[in-house]
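Peer 1: here's my sequence, what's the structure:
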Amino acid sequence: MDVLSRSKIERIRELNDNFRNSFRGGKIVLTASVAELPDMVKAAALHQVSTFKDFNEANDPHGEHDFLKFKVCDRDFIFSIVYYDLDMACASPDPADPSVTVRLGTLMHSYDC
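Peer 2: Numbers count the residues shown, from 1 in each chain. As a prediction, the model looks like this:
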């Protein structure tokens, strides 16, 4: 795996924050178990995604703001961003370049084993 420069990481973080805040610049997917929740719970979880700011070394070791774990409405959730090429067939060649990247954000339940 290539080590990204500080400027690329900052650009990826900026793009991820913009995507999470606006849900523009990519696609959002809800897992089946989340999609079946009441609309109010889904709305509260998506609001938490869009306003999440509690990034730290423990939950964001690469500084990209691409993974969230949170609790809302007595449920545990994870939101993860993955970077694909424009055809969504392979990984993006450069997640810092929105002209070659589709961000896929997935909201899912978090189950502790």
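
Peer 1: please count neighbours and contacts with C-alpha atoms only from this point.
Peer 2: OK.

Peer 1: now the residue nearest in space to the middle of the chain: which helix or strand?
Peer 2: By C-alpha atoms, centre = their mean, the mean C-alpha position of the chain lies nearest to Ile81, the distance being 3.2 Å. Counting by DSSP states H and E, the element that carries Ile81 is strand 75-84.

Peer 1: run through who's touching that strand.
Peer 2: 16, 45, 49, 66-71, 90-92, 95, 101-111 (C-alpha atoms under 8 Å, 6 or more residues apart in numbering).

Peer 1: may I see the buried residues of that strand?
Peer 2: Buried positions in strand 75-84, judged by neighbour count with 16 or more other C-alpha atoms under 10 Å: 77-84.

Peer 1: what's across from the residue nearest to the centre of the chain in the sheet?
Peer 2: Taking DSSP bridges as the rule, Ile81 bridges to Gly105.

Peer 1: by contact count, what packs against the worst-scoring helix or strand of the chain on mean pLDDT?
Peer 2: Across the helices and strands of the chain, mean pLDDT, DSSP states H and E gives its lowest value to strand 67-72, namely a mean of 94. Judged by 3 or more C-alpha pairs under 8 Å, 6 or more residues apart in numbering; DSSP states H and E, strand 67-72 is in contact with helix 39-51, strand 75-84.

Peer 1: still on that earlier bit, can I get the strand holding Ile81 in PDB? Just the C-alpha atoms.
Peer 2: Taking Å, rounded to 0.1, in the frame of the first residue of the first chain, the C-alpha atoms of strand 75-84 are listed here in PDB:
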ATOM      1  CA  ARG A  75     -28.800   1.500  18.700                       C
ATOM      2  CA  ASP A  76     -25.200   1.200  17.800                       C
ATOM      3  CA  PHE A  77     -24.200   2.200  14.200                       C
ATOM      4  CA  ILE A  78     -21.200   2.300  12.000                       C
ATOM      5  CA  PHE A  79     -20.700   4.500   8.900                       C
ATOM      6  CA  SER A  80     -17.900   3.700   6.600                       C
ATOM      7  CA  ILE A  81     -16.700   5.400   3.400                       C
ATOM      8  CA  VAL A  82     -15.000   3.300   0.700                       C
ATOM      9  CA  TYR A  83     -13.400   4.800  -2.500                       C
ATOM     10  CA  TYR A  84     -14.300   3.300  -5.900                       C
END
